[in-house]
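Q: What would the 3D arrangement of this be:
(one chain, ligands or ions: 2)
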Amino acid sequence: MSSTIHGLAAVTPLAPRATLRTRVRIPLRFADGYSVTVDAVTFHGLADGQEHVALVLGDPSTWEVPLVRMHSECLTGDVFGSTRCDCGPQLREAVERIADTGGVLLYLRQEGRGIGLYNKLDAYALQDTGLDTYQANRALGFAEDARDYTAAAQMLSALGIGELDLLTNNPDKAAQLRDLGVLVRRTTPTGVFATDSNLRYLHAKVEHTQHDIDLAGIAGLVG
Ligand SMILES: Nc1nc2c(ncn2[C@@H]2O[C@H](COP(=O)(O)OP(=O)(O)OP(=O)(O)O)[C@@H](O)[C@H]2O)c(=O)[nH]1
Ligand SMILES: [Zn+2]
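A: Numbers count the residues shown, from 1 in each chain. Ligands and ions are numbered 1, 2, ... in the order given. Next up, the predicted model:
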């Protein structure tokens, strides 16, 4: 396999070097019928040893600046359709938006903002007693957000992507990528996917971590 799939000289972010392992074509069909074919890419040498995967959408030779989403794994939202969070609709939206413009979705195995599935479910139980999502993490002895994007920077570098537009509402993602030497030209927010079940969670993200989510006028919805 060539050293990049983007056709550009690999950039050198401030992270150890990773290399491409396998690239394989996968046709996707979502529950609402939307279909698209992606190239799934795996890597050697990711810093945290996790099996992160990149989904390349479109033809890299035609991109100017690719649209990139770093999507943190959420089994409950991405797979089971939980409405306690906004992850499932964000994932679905991201795939289509990136397919429209060309770019990459990094599916990062950072379940529960990096604390893992069981701990996330413990945190949900605490939230059911009144804590918010960040207080619950702290009550369990974890950081409010345990995610580190070094492996993501390594993946981008291995793909030959040194400059990108980032699809996120989370300012920490852009800040961490920039600190790792990746040129984030601009961030663009995801849609707002509010339900009765996730409204408190979304408000906590806006108030506590300055997520760019426009909740004005959303008082309560049927989830
Ligand atoms: N610990 C914990 N993790 C959660 C909770 N709800 C969702 N998550 C995890 O949070 C991650 C998604 O983070 P979000 O905060 O929704 O999104 P973000 O990455 O900060 O920002 P965006 O790019 O704007 O979506 C996934 O790994 C989810 O499993 C929760 O209540 N507690
Ligand atoms: Zn989720």
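
Q: which parts of the protein sit against ligand 2?
A: Residues of the chain lying close to ligand 2 by C-beta under 5 Å from the ion are Cys74, Gly77, Cys85, Cys87. Backbone N, C-alpha and C define where each C-beta goes, glycine included.

Q: give me the element the third one is part of.
A: When you say that, I think you mean Cys85. Under the criterion DSSP states H and E, no helix or strand holds Cys85.

Q: Leaving out sequence neighbours, find the closest residue to it.
A: Counting by C-beta to C-beta, 6 or more residues apart in numbering, Cys85 lies nearest to Gly77, which is 4.7 Å off, once chain neighbours are set aside.

Q: what's next to the lowest-mean-pLDDT helix or strand in the chain, contact-wise?
A: When each helix and strand of the chain is scored by mean pLDDT, DSSP states H and E, helix 199-209 comes last, with a mean of 83. Applying C-beta atoms under 8 Å, 6 or more residues apart in numbering, the contact partners of helix 199-209 are 84-86, 132-134, 144-145, 169-172, 192, 194, 211, 213, 215, 218, 220-221.

Q: Of all residues in the protein, which one is nearest the centre?
A: Centrality entry for the chain: nearest residue to the mean C-alpha point is His71, 1.5 Å, by C-alpha atoms, centre = their mean.

Q: List the pairing partners of the helix or strand that one falls within within its sheet, with orientation.
A: Remark: His71 resides in strand 67-72, with elements defined by DSSP H and E. Paired with strand 67-72 in the same sheet, following DSSP bridges, are strand 103-108 (parallel), strand 163-167 (parallel).

Q: Mean pLDDT added to these, as a markdown table?
A: Formatted as a markdown table, these follow (pLDDT from 0 to 100):
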| stretch | mean pLDDT |
| --- | --- |
| strand 103-108 | 98 |
| strand 163-167 | 98 |
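
Q: interface residues of this structure facing ligand 1?
A: Counting by C-beta under 6 Å from any ligand atom, the chain comes close to ligand 1 at 72-74, 85-87, 90, 110-113, 115, 120, 123-124, 133, 137, 168-170, 173, 190, 205, 211.

Q: coming back round to it: filter the contacts of helix 199-209 down to the buried ones and hand me the PyMOL line.
A: Applying 16 or more other C-beta atoms under 10 Å to these leaves a buried subset, and the PyMOL line that selects it is:
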select buried, resi 84+85+86+132+133+134+145+169+170+194+211+213
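
Q: Determine how far the last residue of stretch 56-75 lies from the first.
A: One end of stretch 56-75 sits 21 Å from the other (C-alpha to C-alpha, to the nearest Å).
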